[in-house]
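Undergrad: After the sequence you'll find the predicted model.
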Amino acid sequence: MRLSHLLGNERLKEALAPLFKEDFPQSVILEGAEGLGKRTAAFSMAKALMCQEKDGPCGHCGPCVRMEAGSHPDYRLFNPEGGLIKVDDVREIRRLSFIRPSESSQKVFVLNDSGKMNPQAQNALLKVLEEPRETVFILLCRQAEELLETVRSRCVRYALEPLPRQVVEEELEKRQPEKEPEARRQAAENCGGSLGRALQLLEGAEGKGSAVARRFLAALHQGEWQVLTACVEAGSLNREEFALFCDEACVGLWHLAREKGGEDWILSLYEYVRGLSARVQWNASVSAMSGGLAATCGQLLFAGPQGRKYDGSYRSSF
């Protein structure tokens with residue numbers, strides 16, 4: 001399976017390269033922060049599975065052409081606009097999964113924002129994943145921990161990674177050539193490796209959660225009061241904004257860990273914020289979570305011998 005058109009993500013490409021149609025898992029979780037290209041990657045996987053060539057997608061055969069035209073009968077994208085997925089939605093997906101493919105050997109169902117399923121819907125999906133059928137499921141989510149362990153255990157997990165700054169800047173030049181080079185450069189520097197977010201920044205459409213995450217990441221090299229202020233600001237976000245805040249903060253901490261060599265305090269903070277991102281889907285209090293984040297930052301960064309005071313030598317681009 002070749003995903004040559006997918007930007008970056010060399011580890012994902014290497015993992016999928018040896019797989020042919022008959023080797024591809026029946027159920028897949030594709031995780032990654034908002035704007036990293038989960039839907040694009042899932043579409044590329046589905047196109048490869050539909051392709052007539054053994055090591056597709058070729059881009060020229062009938063199935064590939066129909067996939068690009070959005071008219072392939074055996075490919076379905078569910079919940080394209082995001083939002084809550086209910087039990088009845090999953091039951092309909094289950095019903096459709098038992099209908100035989102029209103022209104391919106298997107169907108491909110992509111479930112966008114699968115972390116928005118409540119426990120009842122996830123349990124209904126679990127029954128689908130356990131039953132033999134001719135349908136491949138690709139579940140898209142911010143992180144796999146949003147899904148029940150019973151669902152995760154029946155899926156193969158793949159993760160998208162933030163793109164290098166140069167890759168983002170080159171893509172912005174292709175897509176937005178009319179924008180000033182300096183504006184494209186700044187968007188690439190401040191997007192945290194997310195092309196989707198870079199495009200938003202270039203259009204001046206940064207979300208509130210993203211803006212607070214940028215201030216939180218910048219506060220890490222400013223001092224305890226600035227970190228506390230950013231955490232309080234995060235506590236004023238609504239649930240969707242806070243989920244985006246967690247996404248963006250995780251991406252920034254990922255970059256910081258690479259820059260600083262994976263220091264323990266960075267990894268601990270990254271894991272804590274990842275945990276918050278999963279909890280927000282289960283109706284946890286945003287105010288309580290932001291308070292816990294402030295306490296954790298205080299312990300990790302500023303709490304004497306137990307903490308690791310950040311010396312500010314890394315200058316975050318957020």
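TA: Structure received. Residues are numbered from 1 along each chain as shown.

Undergrad: Show me the shaky parts of the stretch 101-250 of the chain.
TA: Low-confidence segments of the stretch 101-250 of the chain, defined by pLDDT under 70, are located at 132, 205-206.

Undergrad: any chance you could map the strands in the chain?
TA: Using DSSP state E, the strands of the chain run over residues 27-31, 75-78, 107-111, 135-141, 156-159.

Undergrad: can you redo the ones you listed as TSV with mean neighbour count?
TA: No exception for glycine: its C-beta is placed from N, CA and C like everyone else's. As requested, the strands of the chain are exported to TSV (neighbours: other C-beta atoms under 10 Å):
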stretch	mean neighbour count
strand 27-31	22
strand 75-78	18
strand 107-111	24
strand 135-141	24
strand 156-159	16
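
Undergrad: Looking at those strands, which is nearest to Ala48?
TA: strand 107-111 (9.7 Å; C-beta to C-beta).

Undergrad: Okay, angle between that closest one and strand 27-31 too, please.
TA: 40 degrees (axes from the mean of the first three to the mean of the last three C-alpha atoms, to 10 degrees).

Undergrad: contacting residues around strand 107-111?
TA: 39, 42-43, 45-46, 49-50, 74-79, 85, 93, 96-97, 99, 101, 125, 134-140 (C-beta atoms under 8 Å, 6 or more residues apart in numbering).

Undergrad: now do stretch 114-130
TA: Identification of contacts with stretch 114-130 by C-beta under 8 Å, 6+ apart yields 26-27, 29, 79, 82-87, 89-91, 93-94, 97, 111, 137, 139-143, 146-148, 150-151, 154-155, 278, 281.

Undergrad: hmm, which of those are the buried ones?
TA: Neighbour counting over these (16 or more other C-beta atoms under 10 Å) leaves 27, 29, 79, 85, 87, 89-90, 93-94, 97, 111, 137, 139-143, 146-147, 151, 154-155, 278, 281 as the buried ones.

Undergrad: how near is Asn112 to Arg76?
TA: Here Asn112 is placed at a distance of 11 Å from Arg76 (C-beta to C-beta, to the nearest Å).

Undergrad: cool, Gln106 as well?
TA: Where Arg76 is concerned, Gln106 sits at a distance of 12 Å (C-beta to C-beta).

Undergrad: same thing with Pro101?
TA: Pro101 is 11 Å from Arg76, where distance means C-beta to C-beta.

Undergrad: Tell me if I'm right that Cys61 and Lys54 touch.
TA: No: judged on C-beta atoms under 8 Å, Cys61 makes no contact with Lys54 at a distance of 11.5 Å.

Undergrad: Tell me which of the two has more neighbours.
TA: The neighbour comparison of Cys61 against Lys54 (other C-beta atoms under 10 Å) goes to Cys61, with 15 against 10.

Undergrad: thinking Ala198 is in contact with Val168, fair?
TA: Yes: between Ala198 and Val168 there is a contact under C-beta under 8 Å: 5.1 Å.

Undergrad: Now for those two: what residues contact both?
TA: Listed as contacting both Ala198 and Val168 by C-beta under 8 Å, 6+ apart are Ala187, Ala188, Cys191.

Undergrad: for those, which one is nearest Glu173?
TA: Among the shared contacts of Ala198 and Val168, and counting by C-beta to C-beta, the member closest to Glu173 is Ala188, at 9.5 Å.

Undergrad: So what's the residue count around that closest one?
TA: For Ala188, the neighbour count with other C-beta under 10 Å is 25.

Undergrad: What separation is there between it and Leu301?
TA: Following C-beta to C-beta, the distance that separates Ala188 from Leu301 is 28 Å.
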